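Asks: sequence first, predicted coordinates after that:
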Amino acid sequence: MSKVTTLHEFIMDRQADFPYASGELSRLLTDIAVASKVVSKDVRRAGLLDNFLGAHGSTNIQGEEQQKLDVIADNQFINMFKTGGEVCGIASEENDDFMPFESEFSKNGKYVVLFDPLDGSSNIDVNVSIGTIFSIFRRQSEVGTSATLEDMMQSGAKQIAAGYVLYGSSTMLVYTTGKGVNGFTLDPYIGEFCLSHPDMRMPEMGRIYAMNEGNVNICDPGIKEYIEEKCQTILEGAPRPYSGRYIGSLVADFHRNMIKGGIYIYPSTTVDPEGKLRLLYECNPLAFIAEQAGGIATTGHERIMDIEPSRLHQRVPYFVGSKKMVEQAMEYLKG
């Protein structure tokens, strides 16, 4: 039986890739893994506990109704970051403003984390896969002072690490530090994330497209043409059209395309002209992973990670996935 590599062992082996970090980044990634284990446990027990399912009774800054598990997961990650000492502040989908950590201990942290604690929370009550997305930056402000908004408002190209956790049939943590993408599956028997998907590569071409087709008549006509002509039309002598697979949990849709190849589309529409997905803690981290795995992430006109953010909860159109499929869709947009 071959030796199993745990996430902790893997992170320790890679510390030499970041001589400037002095172990802090490794500890931060370990903290994220620990918080993810707790959230995974809560997700799996949610149907048995009255105070875990259903609406929390409040809305976040995007006007979306918060679920109880949204708030539970958000607090779990925030508490872990506060006590870890590597993070001086955070920004989260569930909080209106960024949150500087004001203890002297935290002010010495070298990093900020932007995250969506529980992506796809509308699927919680119906037992569909959901996830956590995180993005890590080196702070711009002086160490020993309070974190600032400028620490949060950095382009995706400056990320030093990003990842997601998928709570599905198994719990998986996938992350990159700019040196490839690796996936780890939580072994419930030993309570450890174990390397299960080394050096992940997104296929250049796939046969899956993910889009809320309820929006097809209110988005750019080029997208409608792409869906109808490339994804749905059967031509004589051609392979069958693409398969439509839209879960409604970004992490789940993205992870499937990472494994099997495909394209995910959430464009601007007449209802949401800026798009629906948030740049800083949804699009940027998954764009980093996609590019490291050989894929593409774009607004349709601009590389996602080149965007200089203007607002903490800024939204953007999003096309991400297999290189050839995204390029193909972009040709329709240009047309």
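Replies: Happy to help now that I have it. Owing to the predicted nature of the structure, the values given are computational and were not obtained by experimental measurement.

Asks: check contacts around the nearest residue to M172 once chain neighbours are set aside.
Replies: In space, and not counting its chain neighbours, M172 is closest to L166: 4.7 Å by C-beta to C-beta, 6 or more residues apart in numbering. In this view, the C-beta of every residue, glycine as well, is placed from N, C-alpha and C. Counting by C-beta atoms under 8 Å, 6 or more residues apart in numbering, L166 makes contact with 129, 131, 172, 174, 251-252, 255.

Asks: can you name the two of the residues you listed that sit furthest apart?
Replies: S129 and V174 (13.4 Å; C-beta to C-beta).

Asks: more crowded one of these two?
Replies: V174 (25 against 20; other C-beta atoms under 10 Å).

Asks: skipping adjacent residues, who's closest to that one in space?
Replies: G183 (4.4 Å).

Asks: give me the contacts around the helix or strand containing that neighbour.
Replies: Using DSSP states H and E, G183 falls within strand 181-187. Outside strand 181-187, the residues within contact range by C-beta under 8 Å, 6+ apart are 4, 7, 10, 36-37, 40, 170-176, 192-201, 258, 289, 292-293.

Asks: and those, which of them are in strands?
Replies: Counted as lying in strands by DSSP state E, out of those, are 171-176, 192-197.

Asks: among those residues, which ones are buried?
Replies: The neighbour-count test (16 or more other C-beta atoms under 10 Å) marks 171-176, 192-193, 196 as buried among the ones in strands among the contacts of strand 181-187.

Asks: biggest separation within those, which pair?
Replies: T176 and E192 (20.2 Å).

Asks: report pLDDT for Y318.
Replies: On pLDDT, Y318 comes in at 98.

Asks: how about N60?
Replies: So N60 comes in at 56 (pLDDT).

Asks: now A287. Nearest residue, chain neighbours left out?
Replies: A297 (3.4 Å).

Asks: could you do I265 as well?
Replies: For I265, the spatially nearest residue (C-beta to C-beta, 6+ apart) is M211, at 4.1 Å.

Asks: roughly how far does that neighbour sit from S196?
Replies: 29 Å (C-beta to C-beta, to the nearest Å).

Asks: all strands for the stretch 1-150 of the chain, in order.
Replies: Assigned by DSSP state E, counting those that start in this stretch, the strands in the stretch 1-150 of the chain fall at 55-59, 65-67, 87-92, 99-100, 111-119, 130-138.

Asks: can you tell me which of these is packed in deepest?
Replies: When you average the neighbours per residue for each of the strands of the stretch 1-150 of the chain (mean count of other C-beta atoms under 10 Å), strand 111-119 leads with a mean of 28.

Asks: double-check that V216 belongs to a helix.
Replies: Yes - looking at V216 with DSSP: H, G, I helix; E, B strand; the rest coil, it is inside a helix.

Asks: burial measure for it, as a count.
Replies: 17.

Asks: quick one: residues in contact with stretch 221-235.
Replies: For stretch 221-235, using C-beta under 8 Å, 6+ apart, the contacting residues are 209, 211, 213, 216-217, 240-242, 244, 265, 267, 328-329, 332-335.

Asks: same thing but 6 Å
Replies: 209, 216, 241-242, 267, 329, 332-333, 335 (C-beta atoms under 6 Å, 6 or more residues apart in numbering).

Asks: pick the one among these closest to M80.
Replies: P267 (34.9 Å).

Asks: return the distance of that closest one relative to I227.
Replies: Taking C-beta to C-beta, one finds P267 at 11 Å from I227.
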